[in-house]
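Peer 1: Can you look at this prediction? I've put the sequence above it.
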Amino acid sequence: MKIKNILFILTLGLIITACNKDDKDNFNATEQAVIDDEALVKYLQTHYLNEEDGGIWTIDANQTPLMDQVDVQNITENDIAYKLYYLVEKVGVGIAPTSSDSVLTTYTGMTLDSIVFDSRESIIWLPLTGVITGWSYGFTNFNAGTKIINPDESFNYTDYGQGILFIPSGLAYGNRGSSGISPNTPLVFQITLQDVHLADHDNDSILSSKENYDGDNNVKNDDTDKDGVPDYLDPDDDGDGVLTKNEDANGDGNPLNDDTDGDGIPDYLDADTK
């Protein structure tokens with residue numbers, strides 16, 4: 001079965017931040033993760049990628065199932081284990097984003113019954129800190145392309161990353177759903193990754209990806225001074241009244257390597273050093 005030619009073009013609010021909180025008192029997110037994985041595995045076993053038109057079709061002969069082509073990314077969110085499946089068609093020649101960077105992309109999103117709910121054919125920048133969790137992690141498996149500047153100053157990209165993300169509902173819109181998407185719906189996204197912007201959200205001279213101090217690839221839960229503002233958005237990470245970008249004792253423009261009192265804590269994270 002070819003992807004149905006039905007487009008429900010939605011606003012960017014569909015892709016932008018999905019809340020994964022449980023709205024129903026009796027909802028069991030752990031059980032739903034198992035249900036979603038079973039549904040995704042069945043889908044991957046019964047569908048294949050048609051290289052002629054780039055569509056996902058139901059297997060009707062001896063085509064290679066998607067299950068034989070995908071890789072698995074194990075992700076833990078809110079103490080729940082998820083499996084995000086992804087297929088790399090083209091890896092790309094540029095840099096890969098972290099989950100805190102921004103990506104230049106095109107995409108098509110669909111449900112497992114092949115209903116297309118959103119599509120973007122023209123390139124758009126989106127922050128991976130402001131999209132569904134499956135995107136935040138999934139895009140890190142691809143690399144950007146090469147930007148070509150044309151004589152008329154227009155531009156395009158070549159050799160960029162391209163592939164498919166197969167996302168459980170717990171890393172998408174959860175049991176809340178979204179406009180055009182029912183609760184507890186696993187999703188499929190065909191995506192390109194054409195360029196990457198390494199983000200410094202608070203302009204503190206430290207890339208946001210470097211402000212992930214617990215190493216869980218989630219910058220939203222790192223808050224050194226416990227002021228309720230995560231470090232990647234906080235221009236004064238240690239709350240000592242001195243901006244992080246100004247805690248650069250050696251003047252090299254990099255606060256990461258300044259430790260005035262030699263205690264192993266860089267000055268910008270050390271409230272005892274100003």
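Peer 2: That came in fine, so what should we check first? Numbering: from 1, shown residues only.
Peer 1: Who are the contact partners of residue 232?
Peer 2: Neighbour list for residue 232: 100, 129, 201, 202, 208, 211, 212, 219, 220, 222 [criterion: Cβ atoms under 8 Å, 6 or more residues apart in numbering]. Heads up, the C-betas are built off the backbone N, CA and C, glycines and all.
Peer 1: Mark which of those residues are buried, thanks.
Peer 2: 100, 129, 201, 202, 208, 211, 212, 219, 222 (16 or more other Cβ atoms under 10 Å).
Peer 1: where does the fifth one sit relative to residue 270, distance-wise?
Peer 2: I take that to be residue 208. 20 Å (Cβ to Cβ, to the nearest Å).
Peer 1: And for the third one?
Peer 2: Relative to residue 270, residue 201 is positioned 21 Å away (Cβ to Cβ).
Peer 1: Ok, the first one next?
Peer 2: Shown here: residue 100 relative to residue 270, a distance of 23 Å by Cβ to Cβ.
Peer 1: So for residue 180, what's the pLDDT?
Peer 2: On the pLDDT scale, residue 180 is placed at 84.
Peer 1: And for it, the neighbour number?
Peer 2: 16 (other Cβ atoms under 10 Å).
Peer 1: Please apply the same query to residue 26.
Peer 2: Residue 26, neighbours per other Cβ under 10 Å, totals 5.
Peer 1: one step back: want to throw the buried ones among the contacts of residue 232 into TSV with secondary structure and distance to residue 73?
Peer 2: Below are those laid out as TSV (DSSP: H, G, I helix; E, B strand; the rest coil; distance: Cβ to Cβ, whole Å):
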residue	secondary structure	distance to residue 73
100	coil	17
129	coil	18
201	coil	24
202	coil	28
208	helix	21
211	helix	22
212	coil	17
219	helix	18
222	coil	21
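Peer 1: Closest one to residue 153 out of those, please.
Peer 2: Using Cβ to Cβ, residue 201 is the member of these that lies nearest residue 153, at 29.3 Å.
Peer 1: what's that closest one in contact with, if anything?
Peer 2: Contacts of residue 201 by Cβ under 8 Å, 6+ apart are 100, 129, 208, 232, 233.
Peer 1: quick one: contacts for the residue lying closest to the second one once chain neighbours are set aside?
Peer 2: Once its chain neighbours are removed from consideration, residue 129 has its nearest residue in residue 100; the separation is 5.5 Å (Cβ to Cβ, 6 or more residues apart in numbering). Shown here is residue 100, whose contacts under the criterion Cβ under 8 Å, 6+ apart are 128, 129, 199, 201, 207, 208, 209, 211, 212, 219, 232.
Peer 1: Ok, residue 30 next?
Peer 2: residue 80.
Peer 1: Run the chain-centre distance for whichever helix or strand it is part of.
Peer 2: For residue 30, the host element (DSSP states H and E) is helix 29-46. On the basis of Cα atoms, centre = their mean, to the nearest Å, helix 29-46 sits 20 Å off its chain's mean C-alpha point.
Peer 1: Provide the strand pairings for the next helix or strand after it, with the direction of each partner.
Peer 2: Per DSSP H and E, helix 29-46 leads on to strand 47-49 as the next helix or strand towards the C-terminus. Neighbouring strands of strand 47-49 in its sheet, by DSSP bridges, are strand 56-58 (antiparallel).
Peer 1: how far off helix 29-46 does the helix or strand that the strand it pairs with is followed by point, in degrees?
Peer 2: Using DSSP H and E, the helix or strand that follows strand 56-58 towards the C-terminus is strand 71-77. Computed by axes from the mean of the first three to the mean of the last three Cα atoms, to 10 degrees, the angle separating strand 71-77 from helix 29-46 equals 170 degrees.
Peer 1: Strand partners (parallel or antiparallel) of strand 71-77?
Peer 2: Assessed with DSSP bridges, strand 71-77 is paired to strand 80-90 (antiparallel).
Peer 1: Can you list the neighbours in contact with the strand it pairs with?
Peer 2: Contacts for strand 80-90 (Cβ under 8 Å, 6+ apart): 29-30, 33, 36-37, 40, 44, 49, 66, 69-76, 134, 137-138, 141-142, 159-168, 170-171.
Peer 1: tell me the mean pLDDT for that strand?
Peer 2: Averaging pLDDT along strand 80-90 yields 98.
Peer 1: next one: stretch 97-114
Peer 2: If you average the pLDDT values across stretch 97-114, you get 97.
Peer 1: That's all I had, so thanks and see you.
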